[in-house]
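**Student:** heads up, no residue letters with this:
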């Protein structure tokens with residue numbers, strides 16, 4: 001019973017285009033090592049380990065206890081949440097958004113990647129994806145029948161797009177260019193000049209720029225937005241998320257900021273896929289958007305700076321080089337020449353030091369000689385990792 005061998009049922013061909021997400025596969029291996037008593041210290045995934053603000057949690061509990069708050073909610077989100085999102089963009093970025101028409105709450109920005117692709121890209125059309133870059137830009141594009149065209153980011157150019165190289169490409173079938181500044185995995189900060197060039201590039205080639213912007217508050221005193229550039233709203237979308245900036249990764253609250261027409265097209269897709277988010281989550285998220293500057297400083301600057309210093313120590317022990325100007329919740333470093341690739345080093349660290357760090361190849365071929373250390377672990381765990389790696393032989 002339970003076998004489909006007699007039914008000849010086969011999966012969709014699109015599954016052949018993607019593999020299981022690296023972390024999904026690797027975490028099963030780590031769980032097995034932990035079950036064997038290996039006590040792995042994980043410095044791999046960017047899942048904030050700190051709680052949201054007290055006011056955020058209190059609001060969730062308050063609403064959850066009410067009798068009349070558990071029904072379906074509008075796909076467009078509650079007015080309270082949309083207004084809070086607009087207020088957040090005005091307060092921190094100086095960007096004015098109409099909360100009724102230029103904002104769309106999401107069940108996390110990863111969901112937004114799906115909705116935007118469905119709304120703008122026909123099967124067979126192309127999307128520009130950074131190399132290195134967030135793997136979901138590639139995997140979701142492939143699952144939805146889009147053709148992925150990589151564009152290079154490299155250290156010599158500060159991990160910013162090379163617009164001369166882009167201009168030499170055949171862009172006739174490109175519908176979307178995915179960008180992510182501040183950048184993951186490289187930690188390259190957002191630059192106003194890059195944003196201006198992106199807007200000009202979008203208008204020149206009628207390509208939609210989608211900037212994924214969840215890291216602008218982490219180790220970064222001056223968060224900026226693509227939508228600050230004049231004319232950006234005409235040809236750009238910005239994704240933002242509460243996962244990193246507000247310590248709410250499991251809450252799944254994100255947003256799209258764009259012009260009215262773009263939001264309507266995306267809503268047309270979204271309304272056919274999900275049924276909205278629990279009212280308690282939305283009202284608690286609205287409360288979180290009102291966190292003051294001191295909360296952000298303590299959570300996103302002070303804590304991560306302390307951990308970043310420890311991560312830099314690990315990089316130095318491993319003989320890796322890195323840019324100290326990086327922002328975000330990871331540290332990106334280039335491995336020594338003696339290693340064939342990053343995975344050779346990360347596997348040695350995992351199996352001999354019992355510390356899980358990320359090989360850069362999962363972000364694209366331009367990451368093959370880099371490793372990434374997450375700062376989303378308690379200080380004592382990172383200190384433990386430092387001591388274990390210090391004791392490694394033949395490093």
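**Tutor:** That came through, no problem. Computed from a prediction, not measured in an experiment: that's the story for all the values here.
**Student:** Just the buried positions in the lowest-mean-pLDDT helix or strand in the chain, please.
**Tutor:** Among the helical and strand segments of the chain, the one scoring lowest on mean pLDDT, DSSP states H and E is helix 22-35, with a mean of 85. For helix 22-35, the neighbour count (16 or more other Cβ atoms under 10 Å) marks 23, 26-27, 30 as buried. The way it works is simple: take the backbone N, C-alpha and C, and place the C-beta from them, glycine included.
**Student:** same thing with stretch 294-310?
**Tutor:** Within stretch 294-310, the residues scored as buried using 16+ other Cβ under 10 Å are 295-296, 299-300, 303-304, 307-308, 310.
**Student:** Looking at these, which is nearest residue 152?
**Tutor:** If you rank the buried residues of stretch 294-310 by distance to residue 152 using Cβ to Cβ, residue 308 comes first, at 26.7 Å.
**Student:** Now tabulate the buried residues of stretch 294-310 in JSON lines and tack on distance to residue 114 and pLDDT.
**Tutor:** Output for the buried residues of stretch 294-310, formatted as JSON lines (distance: Cβ to Cβ, whole Å; pLDDT from 0 to 100):
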{"residue": "295", "distance to residue 114": "31", "pLDDT": "92"}
{"residue": "296", "distance to residue 114": "29", "pLDDT": "92"}
{"residue": "299", "distance to residue 114": "29", "pLDDT": "89"}
{"residue": "300", "distance to residue 114": "27", "pLDDT": "92"}
{"residue": "303", "distance to residue 114": "31", "pLDDT": "95"}
{"residue": "304", "distance to residue 114": "29", "pLDDT": "96"}
{"residue": "307", "distance to residue 114": "32", "pLDDT": "97"}
{"residue": "308", "distance to residue 114": "32", "pLDDT": "97"}
{"residue": "310", "distance to residue 114": "36", "pLDDT": "97"}
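**Student:** CSV for the residues you listed, including secondary structure?
**Tutor:** CSV is the format used below for the buried residues of stretch 294-310 (DSSP: H, G, I helix; E, B strand; the rest coil):
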residue, secondary structure
295, helix
296, helix
299, helix
300, helix
303, helix
304, helix
307, helix
308, helix
310, helix
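**Student:** From residue 306, how far out is residue 145?
**Tutor:** Distance, residue 145 to residue 306, using Cβ to Cβ, to the nearest Å: 45 Å.
**Student:** before we move on, back to that, in TSV: the buried residues of stretch 294-310, plus distance to residue 171.
**Tutor:** Listed next are the buried residues of stretch 294-310 as TSV, based on distance: Cβ to Cβ, whole Å:
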residue	distance to residue 171
295	43
296	38
299	40
300	37
303	42
304	37
307	41
308	38
310	43
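**Student:** Tell me the one among these nearest to residue 112.
**Tutor:** Using Cβ to Cβ, the buried residues of stretch 294-310 come closest to residue 112 at residue 300, 21.6 Å.
**Student:** Next up, the contacts around the closest one.
**Tutor:** 217-220, 245 (Cβ atoms under 8 Å, 6 or more residues apart in numbering).
**Student:** and the two most separated of these?
**Tutor:** 219 and 245 (11.6 Å).
**Student:** So which residues of the stretch 51-200 of the chain form strands?
**Tutor:** 103-106, 126-131, 147-152, 174-179 (DSSP state E, counting those that start in this stretch).
**Student:** And the shortest one, what does it pack against?
**Tutor:** Looking back up the chat, that one is strand 103-106. helix 79-93, strand 254-257, helix 260-270 (3 or more Cβ pairs under 8 Å, 6 or more residues apart in numbering; DSSP states H and E).
**Student:** any idea which of the ones you listed is most buried?
**Tutor:** Among these, judged by mean count of other Cβ atoms under 10 Å, the one packed with the most neighbours on average is strand 254-257 (a mean of 26).
**Student:** what's the offset of that strand from the middle of its chain?
**Tutor:** 13 Å (Cα atoms, centre = their mean, to the nearest Å).
**Student:** Looking at that strand now, give me its mean pLDDT.
**Tutor:** Per-region confidence: strand 254-257 scores 97 on mean pLDDT.
**Student:** ditto for stretch 221-237
**Tutor:** 96.
**Student:** what does the average pLDDT come to for the following helix or strand past the least confident helix or strand of the chain?
**Tutor:** Next in sequence after helix 22-35, counting helices and strands by DSSP states H and E, comes strand 41-42. Strand 41-42 comes out with an average pLDDT of 92.
**Student:** packing partners for strand 41-42?
**Tutor:** Using 3+ Cβ pairs under 8 Å, 6+ apart as the contact test, the elements touching strand 41-42 are strand 355-356, helix 379-390.
**Student:** Run me through the strand neighbours of that strand, direction for each.
**Tutor:** Here strand 41-42 is paired, per DSSP bridges, with strand 355-356 (parallel).
**Student:** average pLDDT across whichever helix or strand comes after the partner strand?
**Tutor:** Toward the C-terminus, strand 355-356 is succeeded by strand 358-359 as the next helix or strand (DSSP H and E). The average pLDDT within strand 358-359 is 94.
**Student:** quick one: contacts of strand 358-359?
**Tutor:** Identification of contacts with strand 358-359 by Cβ under 8 Å, 6+ apart yields 44-45, 185, 341-343, 345-346, 367, 371-374.
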